[in-house]
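S.K.: The sequence and its predicted three-dimensional model are supplied below.
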Amino acid sequence: MPEGDSVWQTARRLDALSGQVLTGRDFRIPSLATTDLTGRRVLGTVSRGKHLLTRFQDGITLHSHLRMEGSWDVATPGSPWRRAEHEVRAVLRTEKTQAVGYAILLDIVPTEAESSLVGHLGPDLLGDDWDPVEAIRRLQRFGHVSVGEAMLDQRNLAGIGNIYRAEACFLAGVDPHTRVDAVRNLPKLIAIAHQLLDTHRDRHSRITTGDRRPGRRLWVYRRHGPCLRCTTPIRTDELGSDGQERTVWWCPSCQPPALASDPADPSGHS
């Protein structure tokens, strides 16, 4: 699934429509098939966590979510589509620009009702109003849950996904299985997550190690073999419940479990 930095970059691409009047549209979703936005001026696109909000004059917002494999391609009108036609869900056209959305979820709501779609989200790691104190407060409400699960819950902090979850936990020295209430320096972990997304929002490749060589760009995510720091074999597991399991990677040496004597986590593991 695209993470907050990719969604932020997508919003910047869609901003190519800003100030232009829509001359054509094609929504390939039954619920929107007859919705006509032509003649409306595009005001701009903003990202909110993993959501995109494209606003039009007259108080209309097109909401899109990239899901696991979705994307928006922006080019000149008439440009060939970059993915198969059966994946197309939306086409927006102006005199100068064509935006094609592939494999995305779509909704149209009054702009004043955007909160019905994104109001449940926690502080946006890439938002102008990023609030680490509020993010930590929300995480602490789930003190009994593993920090790895809590970090991916977009109600706590919006925009982080599996890649930055794995890398932030490694850099903070936190086992992702550790209960939230047993993490000794939660502000540090959240600061690292914010720094990772903020650093990469203007980049098209993710490098958390500082090493650009293939196979050495990320500390633990999808790494099989020795830890780049200590050579201990990287471990992998499925973390989550109720059908929301996601693979997690960690180094058991660089990210030791909480101490068994810790009263907040007597088992040393969640």
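M.R.: Perfect, thanks for sending it.
S.K.: How much space separates residue 128 from residue 141?
M.R.: Separation of residue 128 from residue 141 (C-beta to C-beta, to the nearest Å): 24 Å. Using the backbone N, CA and C atoms, a C-beta is placed for each residue, glycine as well.
S.K.: Looking at the two, which is more packed in?
M.R.: Using other C-beta atoms under 10 Å as the criterion, residue 128 and residue 141 rank with residue 141 on top: 12 against 6.
S.K.: can you pull out the strands in the chain?
M.R.: 24-27, 42-48, 51-56, 60-65, 71-75, 88-93, 98-102, 105-110, 235-239, 246-250 (DSSP state E).
S.K.: Kindly state the beta-bridge partners for the residue lying closest to residue 10 once chain neighbours are set aside.
M.R.: Closest residue to residue 10 apart from its sequence neighbours, by C-beta to C-beta, 6 or more residues apart in numbering: residue 72 at 5.3 Å. With DSSP bridges as the criterion, residue 72 is bridged to residue 101.
S.K.: do residue 235 as well
M.R.: With DSSP bridges applied, residue 235 shows beta-bridge pairing to residue 250.
S.K.: List the contacts of residue 108.
M.R.: 32, 35, 37, 60-63 (C-beta atoms under 8 Å, 6 or more residues apart in numbering).
S.K.: 10 Å instead, please
M.R.: Residues near residue 108 by C-beta atoms under 10 Å, 6 or more residues apart in numbering: 27, 29, 31-32, 35, 37, 54, 56, 60-63.
S.K.: Kindly report the same for residue 38.
M.R.: Here residue 38 is in contact with 21-25, 92-94 (C-beta under 10 Å, 6+ apart).
S.K.: I'd like the distance between it and residue 156.
M.R.: 39 Å.
S.K.: coming back round to it: can you pick the most crowded of the contacts of residue 38?
M.R.: residue 92 (25 neighbours).
S.K.: Roughly how far does the closest residue to it other than its chain neighbours sit from residue 77?
M.R.: Nearest residue to residue 92 in three dimensions, chain neighbours excluded: residue 99, at 4.4 Å (C-beta to C-beta, 6+ apart). Residue 99 is 10 Å from residue 77, where distance means C-beta to C-beta.
S.K.: Helices of the chain, start to end?
M.R.: 4-14, 115-118, 132-140, 147-152, 162-172, 186-200 (DSSP state H).
S.K.: Pipe those into JSON lines and attach mean neighbour count and mean pLDDT per row.
M.R.: JSON lines is the format used below for these (neighbours: other C-beta atoms under 10 Å; pLDDT from 0 to 100):
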{"stretch": "helix 4-14", "mean neighbour count": "22", "mean pLDDT": "96"}
{"stretch": "helix 115-118", "mean neighbour count": "14", "mean pLDDT": "96"}
{"stretch": "helix 132-140", "mean neighbour count": "17", "mean pLDDT": "97"}
{"stretch": "helix 147-152", "mean neighbour count": "25", "mean pLDDT": "96"}
{"stretch": "helix 162-172", "mean neighbour count": "24", "mean pLDDT": "97"}
{"stretch": "helix 186-200", "mean neighbour count": "19", "mean pLDDT": "97"}
